[in-house]
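Colleague: Dropping a prediction and its sequence here:
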Amino acid sequence: MKITKVESFILHVPLSPPITDAINAPTHWGLPGVRIYTDEGITGYGYTGTCAYGDELITDTIDRYYTPVLLGKDPYMVREIWDELRYGKMHWIGRAGITHMALAAVDIALWDLMSKAASRPLWQYLGGHKSKPVKAYNTNGGWLNWPKERLLQDITAFVEQGFTGVKMKVGKPDPREDYDRVRAVRQAIGDDVILMVDVNQMWNITTAMTWGKKLEEFDLFWLEEPLNPDDVMNHKKLADELNVPIALGEHVYSKYAFRDYIHQGAVEYVQVDTTRVGGITEWLQVAGLAAAYDLPIVPHVGDMGQIHQHLVAATSNAVMLEYIPWIRDIFVEPATVKDGYYVLPQMPGASTEVIPEYFDKYRVK
C-alpha cells in the first residue's frame, strides 16, 4: 500500500450554547486535520482538536512540510514516518504545539488506514484489553459560565442518566465562589458519585495550596490542571501536600515532558491526549511509561472521545474516559455512551471518518 494523496481540512463545529472555563470561551470546536489516500482505495482520517483559533497554522504545516514526506510512503511504516516528521524540517522551530498537533493528525490518519485495511476497529487492531463497555464520566454540565442553578440541574441530570462520575470547572476570580459551587454539587449528587474539579491552569501555587486543601472535604476524585502545565516543581509540591490526587496532561505535548512529571511524582492521573502529543504512536509510549509506574490513564478528549475510546479499550492502565458530545453527530460511527459507559466501536478504523454532508457543511474554505 502506498500513499497517493494528502488533503488537509479544517472543520468548525458550532457549540450551542457557548461555554467557558477559566481560560477559554469557544463558540466552535475546531478540527484541523487530514485525509490520506492510498493506491488501494482506502482513506485515513486524522484530526486534532482546538478552540477554533490558529487552525490554519496546523494545516499549513501539514501541507508545506509533512505532505512531501508522506507521498509514496507505505502507511504501515507508521513509526518510521513519525520519526521523519518529528525530526524533519519543523523540528528546529517547534517540538510542541502547532507542529506536534499537525503530527498527531497525520499519525491518527495512518493508524485509521492500517486498522481499516485489517478490517478491524482500532481497539482490536492495537490488541484489545477491554471487551466490555468503557466507563465514562461527564464533563458537559460543569461549565464556569453556568449559574449555580443550571450547574446543579445539568449535573444531577447526568447522574440520573447513569453517569457515576461528573466533572465541574473552577477558577472563578473569587475562590470562595468555587468553594460554594463545589459544595452545592456534592450535596446535590450525594457521596457515591465521583466528582472531579478542573482549574484549567488558573491558580498559582499559593491559591492551589490554600483552596485545594479546603476542597478536600468534598471527597474529590482529582484536582485537574491546577497550575501552569510547564510547572513540574509546583505540581510535585501540590501532589506531596494535598490529599486530592493531581490530574493533568491535556497541555503536555511529549513523552519526555510526561516522563518528568511521572518520575517526579507530580501527577497521579495521566490525561495524555492523542491529539496533543504526536498522535497514537506517542500516546502508546506515554501509556506504557505510566504503566511502569502503576499510574492510571484517563485521557483528555480533544478528539471528543472518537479515537480515545479505542485507546482506552486497548490499554490495561486506562481506567475510564471523559464524555463531551459536542461533535459526535458529524461522524460515521459516533462515540456513544449508554448507561454511563462507552459502547465499543465495531466498524474498522479509528472512528474518525466524517459524514460527507457534515464535512461539507462545517468545512472552512
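Modeller: That came through fine. The structure displayed is predicted, hence computed values, not measured ones. Residues are numbered from 1 along each chain as shown.

Colleague: Residue 149: neighbour count?
Modeller: A total of 9 residues lie near residue 149 under the criterion other Cβ atoms under 10 Å. Where you see a C-beta, it was placed from the backbone N, CA and C, and this is true even at glycine.

Colleague: Okay, buried residues for stretch 357-365 please.
Modeller: 358, 359, 362 (16 or more other Cβ atoms under 10 Å).

Colleague: so what's residue 71 up against?
Modeller: By Cβ atoms under 8 Å, 6 or more residues apart in numbering, the contact set of residue 71 is 3, 4, 5, 6.

Colleague: Now it. Its backbone dihedrals?
Modeller: Torsion angles at residue 71 (phi, psi; degrees, to the nearest 10) stand at phi -60, psi 130.

Colleague: Could you measure from it over to residue 5?
Modeller: 8 Å (Cβ to Cβ, to the nearest Å).

Colleague: Can you tell me the SS state at residue 9?
Modeller: Here residue 9 is recorded as strand under DSSP: H, G, I helix; E, B strand; the rest coil.

Colleague: Look up the residues forming beta bridges with it.
Modeller: Per DSSP bridges, the residues bridged to residue 9 are residue 33.

Colleague: How many neighbouring residues does it have?
Modeller: 20.

Colleague: how about it, what does it touch?
Modeller: 31, 32, 33, 34, 35, 59, 359, 363.

Colleague: before we move on, the earlier item: and which of the buried residues of stretch 357-365 is nearest to residue 26?
Modeller: residue 362 (14.2 Å; Cβ to Cβ).

Colleague: Got the phi and psi for the closest one?
Modeller: Torsion angles, degrees, to the nearest 10, at residue 362: phi -100, psi 0.

Colleague: In a markdown table: the contacts of residue 9, plus distance to residue 42 and pLDDT.
Modeller: Shown next, in a markdown table, are the contacts of residue 9 (distance: Cβ to Cβ, whole Å; pLDDT from 0 to 100):
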| residue | distance to residue 42 | pLDDT |
| --- | --- | --- |
| 31 | 21 | 98 |
| 32 | 22 | 98 |
| 33 | 17 | 98 |
| 34 | 14 | 98 |
| 35 | 11 | 98 |
| 59 | 22 | 98 |
| 359 | 17 | 98 |
| 363 | 22 | 98 |
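
Colleague: which stretches of the stretch 251-365 of the chain form helices?
Modeller: 255-263, 280-292, 308-313, 356-362 (DSSP state H, counting those that start in this stretch).

Colleague: Of the ones you listed, which is nearest residue 17?
Modeller: Evaluated over these, closeness to residue 17 peaks at helix 356-362, with 17.8 Å, by Cβ to Cβ.

Colleague: Next one, pLDDT for the spatially most central residue of the chain please.
Modeller: Nearest to the mean C-alpha position of the chain, by Cα atoms, centre = their mean, lies residue 301 at 2.5 Å. Residue 301 is assigned 97 on the pLDDT scale.

Colleague: hang on, it packs against residue 321?
Modeller: Yes. Using Cβ atoms under 8 Å, residue 301 makes contact with residue 321 at a distance of 6.9 Å.

Colleague: any common contacting residues for these two?
Modeller: residue 308.

Colleague: looking at the sheet around residue 14, what are its partners?
Modeller: In this entry, residue 14 is beta-bridged to residue 28, by DSSP bridges.

Colleague: quick thing: my sequence starts at 19, can you match it?
Modeller: Sounds good: first residue 19 from here, last item residue 32.

Colleague: hang on, it packs against residue 46?
Modeller: Yes. Counting by Cβ under 8 Å, residue 46 is a contact partner of residue 32 at 5.3 Å.

Colleague: higher neighbour count, these two?
Modeller: More neighbours surround residue 46 than the other of residue 32 and residue 46, with 20 against 12 (other Cβ under 10 Å).

Colleague: how much space between the more buried one and residue 319?
Modeller: Taken as Cβ to Cβ, the span from residue 46 to residue 319 is 16 Å.

Colleague: cool, and residue 377?
Modeller: Taking Cβ to Cβ, one finds residue 377 at 20 Å from residue 319.

Colleague: Check residue 222 too.
Modeller: Counting by Cβ to Cβ - residue 222 and residue 319 are separated by 27 Å.

Colleague: Equivalent analysis for residue 280, please.
Modeller: 21 Å.

Colleague: and what of residue 308?
Modeller: Residue 308 is 17 Å from residue 319, by Cβ to Cβ.

Colleague: For residue 329, give me its contacts.
Modeller: Contacts of residue 329 (Cβ under 8 Å, 6+ apart): 140, 141, 144, 292, 298, 301, 302, 305, 317, 336.

Colleague: where in this structure is pLDDT low?
Modeller: Residue ranges of the chain with pLDDT under 70: none are present.

Colleague: quick one: residue 126 is in a helix?
Modeller: Yes. Residue state for residue 126 (three-state DSSP) corresponds to a helix.

Colleague: I figured it hits residue 65, correct?
Modeller: Yes. At 7.0 Å, residue 126 counts as touching residue 65 under the criterion of Cβ under 8 Å.

Colleague: what do the two both touch?
Modeller: In contact with both residue 126 and residue 65: 293, 370, using Cβ under 8 Å, 6+ apart.

Colleague: Counting neighbours, what do you get for residue 340?
Modeller: If we define neighbours as other Cβ under 10 Å, then residue 340 has 22 of them.
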